[in-house]
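Trainee: need coordinates for the following:
(chains A, B and C)
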Amino acid sequence: MVIDLDRCTGCAACEVACKSENNLATVSPEQAEMGRAMSWMKVISEVEGEFPNSTLQFFPRPCMHCDNPPCVKVCPVSATYLGEDGIVGQIYARCIGCRYCANACPYTVKYFNWYGPEWSESELQHLNPDVSVRPKGVIEKCTFCHHRLQKAKEDARAEGRELREEDFQPACAEICPTRAIIFGDLDDPTHRVATLKDDPRSMRLMEELGTEPKVYYLRSRA
Amino acid sequence: MARTPRTFSAWAGAVILLILMIGIGLLVRREPAVSQPIAFNHLKHTQELGLDCVFCHTYVETGAHPGLPDADTCSLCHRAPLGESEEAAKLSQLIADGEPLRFNKLFRLPDHVFYTHRRHVGIAELDCTICHGEISETEIPPERPLVEISMSFCLDCHLEQEETVDCNACHR
Amino acid sequence: MPATGEGNGKPGLTRREFVWTMGAAAAAYGLQDLPDENGIFWSPEPKVELGWAPGLEEFRTSTCLICPSRCGIRGRLVDGRLVRVVGNQLHPLSRGGVCPRGIAGLQMVYHPERISGPMVAEGARGGGNWRGVSRDEALTLLTERLRASRTVAGPESLALVAGYCAGSMQALWHQFLRSYGSPNYVADDYADGTDCVMGLMHGIRRRPAYDLEQASLVLSFGAPLFESWWSPLQAYVAFGGSDEDGGQRPRFIQVDARFSRTAARTQEWVGVKPGTHSVLALGIAYVLIRNDLHDADFLSRHVAGFEDAVDGAGATTEGYRSLVLRNYRTEEVSAVTGVPVERITALARAFGSSPAPVAVCGADVTQAPNGLQAGMAVHSLNLLLGRVNRPGGVIFGKDPPLAPLASPVLDDAARAGLTSQPVAGPGPAFGTGDVASRFARAVAAGDGRVENLLLYYADPLASSVHPEAWRAALARIPFVVSFSPYLDETTRHADLVLPDLVSFERWQDAPSPASYPYPVWGVAQPLVEPQVDGIATGDAVLAVASRLGGSVAQSLAYPSFEELLKERAKGLFEIRRGMLFASEFEGRHHRQMEERGWWLREHDEFEEFWEDLVDRGGWTDLFHDFTDPAGIAQTPDGLIDLMPEELTRALVANGLDRTPYIGLTGDDAVPPADFPLRLMPYRVSTLASGTLSLERWLAEVPGLFPETLWYPWVEVHPDTVRTLGLEEDTMVWISSSRGRMRARLKVFPGTAPGNVCVPYRLQHPDGELANPLQLLDGPTDPLTGLAPWFTTFVRLDQVGAVD
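Mentor: As a prediction, the model looks like this:
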C-alpha cells in the first residue's frame, strides 16, 4: 500500500469505510476517553507551529503488515502470523487476549476488545457478513480487507484468469475521494505501487526498527 | 518428602474431577439434535424422482449458503395433496393454510469459519457427499450431521488437494 | 492509542476471569479440533442470524441525500440488507468518492432511535407522551386539519419551515403551498450570500459555480472546501487531480482566520484576522493593478465601474481602480489583516501570473460585517483577471432541463391567500436573509395567523441563531407537524409526526449544488426496504393533496413521487443534449461531440431511458458554452458592474458611506472586559449540514483532533489557556452576553491567541445541545439580513466553578 500524504485531506472517509466494511464496534464515550476506541485505519494528525504559521500532517495509519512483524514473534499461540500473501493475519478464535502483540507493535495498530460489541437489533442488519464480529477479549487489527482478497481470488478462479490489480482493493483505498491511497502488489512491477514505492518522496514509518513495513508514504519534503 | 495420604487423596480427587469435567465437557459439546418440521425423504426425491440437489438448494453453486426450500418451492409439486405419505399430506395442509415452512440447519460451522459453497461446489466442483455423506440416501431427516466436520477434516482435504492452508483463507 | 495499557478504569475482564479463561482455553485447545459453535469460552456475542440466507450480493446505484453535495453512491446489499455504501464511479461530481457521512449513513438507516411510525402527541405538547397511529390515520388527521383551517382561518394559516431542499422536493412544496394558497414557505437553510453578490454584479441571482478541476490556482477566501462547503467532494476530486493526465493538479491556497482542515491540507495557508478576508482581497487587487497584471481587455469589454466616470454635468464618480489604489495600499492592508507585506505581494503575483486562477468566496467572508461588499471584493479578483465564463474560472451553471410541474390550479381561496403578506414580513435589501428567524420573531411577537406549521428537515430549536424566538413561536402555533425521521429537538414539540424515510430508503431527485459548473440530475432510488413504518414526505404531500381534493388535488395529480420524477425526466429525454452518467473518458468524448454541435441518441424509448438513468445514477451535460455572452452578465447594459448603483442606494438608505468597498476596514473592536475572547463558530465536515450527531462511527471521527471523541469542544491557543489558568480537557462554559454552552477545552496552537473556535451543532453524548450560534450577539447586517458570525466576544469558565 502506498499513501500519498500530499493528497490526503484528512477527511477520514478511509476510517469510516473501514469501520463499516470490517464491523468495527464502537465503545462508550467514557471508554473512548480511556483510549479504547478502535480504528483499524486511523488518521493521525501532527500539528507544528503556532498561528499563523501552523502546519499539519495527516498520517492515515493502517496496519503496516511488516515483512518482519514484531507482533508475530511474541504471540504465544500463533494467533497472529505472516501469511503467504504477505498479509499479517489475526485469528480471533486462537487469540487468548494476552496483548503481548499490542505492546510489541511499534505502530500501535493492534486493538484489544475490552468489551463485547454492542449492536442494537436493528444495527445488526448492517454488519458485513464476510467479516467476524469480534468477541470480548481478543486483539483485532487491519487485515488489508483480506476477505476481499479471498473473494477476488475466487472470482478470478471462477472466470479462469489471473488476479488483476483492480480486482482487489481494500475499503479505504476504494473510497478515498482524492485517490491518496493506492493499493496493489509491491512485487508485481506492473502495479502502480511497485513504481510509487521507489518515488523520491517515498518513506516508511520507523524503518530503522527493521520491521520492513509494507505501507509506503509519499511526502514532499517542505 | 513423604506424601501423606491426605495429599494423595486430594490429588486423586483432583484427577477424578478433571476426568469428570472432560467427560461432561465432551458430552455437552455434542451438537444438540436437529428436528425438522416435515420429515423430508431425500431418497424419494433425489433417487426415485431424480431431482438435482440444486432444485431445492438453489444457491449451492453460487451462494455462501446453499439455501433451503421454503413453502413456495415445495408447493411447485405439493400444492395439491400428492402421494400417500402422512408427511406429504401434512405439507400440503401447511401450504393450503399459508403457514411458513422453515427447515433447520443440520450441518453447522462456527461463526468464525467462512465457508462458501460457491468456492467448493460451484468452482472446485467437489462432490456433496464429501462433507454431507449419504444424505441423499436418507428417508427421514437425520438428527445429527452424517459427517463430523472438524478443522482437521478441512485441513486434510486442503493438504491433499494442495489448496491453501493460510489461516486467513477461512478465518476472518 | 490502542488499548495496550490497563487504563485507570475497570477492565473488561477481571484477573480471575482472565486466568480461568486462559486455563479453559488451554484445556479446550488440546481437546478439540474445532471449537464449539457458540464461540470458545467467551460470552455469546450478538451476531446476524444468517440461518440459510444464501449471502447473495447485489449492488444498486443511488445518490446520497445526506448533505447538499449529492454524491453518487452504490449500495452493497447482501440478502436485501444494506451493508456498505461505496461510491459511484460514473457520477461526474464525486467520481467514486464518498465522504464519511455518506458511508456512516448506514447507521442512519438502522439507527435504533428512529421513530418507528406516525405518532400523535398525547396530553400536553412536548410532554413526551406519544400515541402511535397508522399512516392512513395520520394523513387523514393532517388533511382534515388543513381542510378546516383553510375554510375558517384562510389558507395563509399554513406555514412550512424547510431546511436544505432542492430539486423536485422543493418544487413539490412550492406547488402544494401555492395551490393551497399559502405564501409562507420559510427557508431555514444555509445561506452564504454569494447569490446576492452575483445578482448585484452580474444581474444573475445564482450562486456561482467554480470550475475547480480545470483551474490552475484556487485561491479560497474562507470557503471550507474540505469541510462544510456545498460540495466537499467537488473540492476533493479537484485536489486529488486526474490520474490520467500525468497528475496535473491545481494549487490550492486557503485564506482563513482559523487553522481549519482546509487550511491545513491545502498547499498554502494564509492566516488572517477574523473578518478581514475581503481587505486582503483588495490588497491583492492593489498589487495586480499596480503591476498591470489585470486583464485590461476583459475589463474594458465586459466590466463597468473600473475606471472613474464623468457624468454629463462633469461630476466625477470614483471607479474601482482609483478606489483600490487610494485605500488598499499594501502596508495598510498588512496592518489590518496581519499578513506580511511580502506575503501579500507574493500572493498577488502568484494569482496574477497563474494561467487559470480562480478566487472562491466562502461564507466566512459574507458572514463578516458588510458581508455583501466583502463578497464583492473577493469576487472582483476574478473580474480583474477576466476569470468569468472561462474554463477553470467562475461559471454560472444551469439547472437540468426537467419537464416542469403542471402549472398550479388556483381557486378563489388560494388566490386570496397568496395575496396576503407572508408572516416573515419583508426581507432585507438584498437576498432573503434569515427568513426563519424573522418568521419566528413575527409569530412570537403576536402574528396569530399561523394555525398549522410543517417542519421539513428543519430543527430550529437546535440550529437557530434565535432558539428563544422559536420556543415562543411554537407555543403560539396550535398545530405543529414534523416530518423528521428522528425525535429531534423541535420534533419533540410537535403534535403530529409523520416520519420521512431516510436517505437510501426513498425516491428523490438530487441535482448537484450550484457550486458545480455543469447541470447534474442524480436520482436517489431506494436501496433497502423502509426499516420503519414511515412515509416518504414526497408521497405524504401527494396523498394529502389528493385527499384535500379540488384545485390542490388537480395541481398535484401524480400517483407517487417516483412517478412525478419520471414525468419530469421526460424533459431530459426530449432535450437532445446531455448524457446519462458515464466514465470520464466517455464524458470527454461526449463534450467534444457537443462542442461540434453533434448529439447521439442513445435510447429510442423513454422507458429504456428511465431504466438506464436509474441504473447509472442520473443525467448530466458536460458541455458548457463559453461563448455565450449571457454567461458573463445579464444586466441591462450587458456589463458586469463593479460599482452597482443599486448597492449605493441601499448604502445611503441605511446611513452608510455611499462608496462601495470603503466600509471594509476590518473589525478593530476592543473586547469588553467581561468577555475577552472572540468567538469563531465553524462547521465540521462530519456534521456539515447540521443533522444530529446520530451515527456512532462519526462520533469517533471529529475534526482536527483525532483524540477528541464524542464531546463538543472549543479550540484555544496555548498562551490563552495559560492566561485563563485552565487546563486541556477541562469542561468549560462558553458565555456571551446572550447565553452559554458547555464544551471541552482543547489546546490548539493553530488558533490565534484571543480567539476561540467552536464547532457548530455538535451534541453532548447525553443529548445536551452545543450550539454556538445562540451565543451570537452582533447586530444583523442591514443589507443581507444575516447575523455576523465573528463579532461576538465570550469568556470561558470551568464548569463547576461558576454554577
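Trainee: show me where chain A has strands.
Mentor: Listed in chain order, the strands of chain A (DSSP state E) span A:2-4, A:42-48, A:55-61, A:80-82, A:88-90, A:111-112, A:139-140, A:181-182, A:202-203, A:216-218.
Trainee: does chain C sit close to the fourth one?
Mentor: Right, the one you point to is strand A:80-82. No: taking C-beta under 8 Å from any C-beta of the partner chain as the criterion, strand A:80-82 and chain C are apart, separated by no less than 13.8 Å. (C-beta placed from N, C-alpha, C; glycine too.)
Trainee: same thing with the second one?
Mentor: Yes: against chain C, strand A:42-48 shows contacts by C-beta under 8 Å from any C-beta at A:42-45, A:47.
Trainee: any idea how chain C splits into domains?
Mentor: C:10-47, C:59-109, C:119-189+C:411-500+C:535-560, C:209-395, C:569-620, C:677-798 (automatic domain parsing).
Trainee: and chain B, which residues reach chain A?
Mentor: B:64, B:110-112, B:114, B:116, B:118-119, B:122-123, B:164, B:166-169, B:171-172.
Trainee: give the buried subset of those residues as a ChimeraX selection command.
Mentor: Buried residues among those (16 or more other C-beta atoms under 10 Å in any protein chain shown), as a ChimeraX selection:
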select /B:64,111,112,114,116,118,119,122,123,166,167,168,169,171,172
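Trainee: return only those of the residues of chain B next to chain A found close to chain C.
Mentor: Checking the residues of chain B next to chain A against chain C by C-beta under 8 Å from any C-beta, the ones in range are B:64, B:110-112, B:116.
Trainee: quick one: which of those residues is nearest chain C?
Mentor: The closest of those to chain C turns out to be residue B:64 (C-beta to the nearest C-beta; 3.4 Å).
Trainee: for the closest one, which non-adjacent residue is closest in space?
Mentor: Closest residue to residue B:64 apart from its sequence neighbours, by C-beta to C-beta, 6 or more residues apart in numbering or on different chains: residue C:55 at 3.4 Å.
Trainee: so residue C:211 touches residue C:387, yeah?
Mentor: No: the criterion here is C-beta atoms under 8 Å, and residue C:211 misses it with residue C:387 at 9.4 Å.
Trainee: which neighbours do those two share?
Mentor: Common neighbours of residue C:211 and residue C:387 (criterion: C-beta atoms under 8 Å, 6 or more residues apart in numbering or on different chains): C:358, C:393-394.
Trainee: ok, now which ones touch residue C:647?
Mentor: C:200, C:372-373, C:376, C:660, C:783.
Trainee: per-residue pLDDT, residue C:665?
Mentor: Residue C:665 is assigned a pLDDT of 76 by the prediction.
Trainee: would you mind naming what in the stretch 151-300 of chain C lies close to chain A?
Mentor: C:226, C:232-233, C:236-237, C:239-241, C:243, C:259, C:261-262, C:264-265, C:269-272.
Trainee: shaky segments in chain C?
Mentor: Applying pLDDT under 70 to chain C picks out residues C:1-52, C:243-247, C:685-694, C:702-707, C:802-803.
Trainee: no wait, chain B
Mentor: Looking at chain B by pLDDT under 70, you get B:1-8, B:22-31.
Trainee: centroid residue for it?
Mentor: residue B:107 (1.5 Å; C-alpha atoms, centre = their mean).
Trainee: circling back to that earlier point, what helix or strand is the residue nearest to residue B:64 located in?
Mentor: Here residue C:55 sits in a region with no helix or strand, counting by DSSP states H and E.
Trainee: my guess is it contacts residue B:117, does it?
Mentor: No: Residue C:55 lies out of contact with residue B:117 (C-beta under 8 Å); the separation is 9.2 Å.
Trainee: show me the common contact partners of those two, please.
Mentor: In contact with both residue C:55 and residue B:117: B:59, B:63-65, using C-beta under 8 Å, 6+ apart.
Trainee: will you turn these into a markdown table that also has secondary structure?
Mentor: Below are the shared contacts of residue C:55 and residue B:117 laid out as a markdown table (DSSP: H, G, I helix; E, B strand; the rest coil):
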| residue | secondary structure |
| --- | --- |
| B:59 | coil |
| B:63 | coil |
| B:64 | coil |
| B:65 | coil |
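Trainee: for the residues you listed, which one is nearest residue C:739?
Mentor: Nearest to residue C:739 among the shared contacts of residue C:55 and residue B:117, counting by C-beta to C-beta, is residue B:64 at 55.7 Å.
Trainee: OK, contacts around that closest one?
Mentor: The neighbours of residue B:64, taking C-beta under 8 Å, 6+ apart as the test, are A:129, B:114-118, C:54-55.
Trainee: which ones among those residues map onto helices?
Mentor: residue B:117 (DSSP state H).
Trainee: just send the contacts of residue B:64 back as JSON lines, with distance to residue C:772 too.
Mentor: Shown next, in JSON lines, are those (distance: C-beta to C-beta, whole Å):
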{"residue": "A:129", "distance to residue C:772": "42"}
{"residue": "B:114", "distance to residue C:772": "48"}
{"residue": "B:115", "distance to residue C:772": "53"}
{"residue": "B:116", "distance to residue C:772": "52"}
{"residue": "B:117", "distance to residue C:772": "56"}
{"residue": "B:118", "distance to residue C:772": "53"}
{"residue": "C:54", "distance to residue C:772": "51"}
{"residue": "C:55", "distance to residue C:772": "47"}
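Trainee: from the contacts of residue B:64, which is closest to residue B:75?
Mentor: Nearest member of the contacts of residue B:64 to residue B:75, counting by C-beta to C-beta, is residue C:54, at 19.7 Å.
Trainee: distance check, the closest one against residue C:642.
Mentor: For residue C:54, the distance to residue C:642 equals 67 Å [C-beta to C-beta, to the nearest Å].
Trainee: in chain A, which spans are helices?
Mentor: So, for chain A - with DSSP H - the helices run A:13-21, A:29-33, A:70-74, A:100-104, A:146-158, A:171-175, A:192-196.
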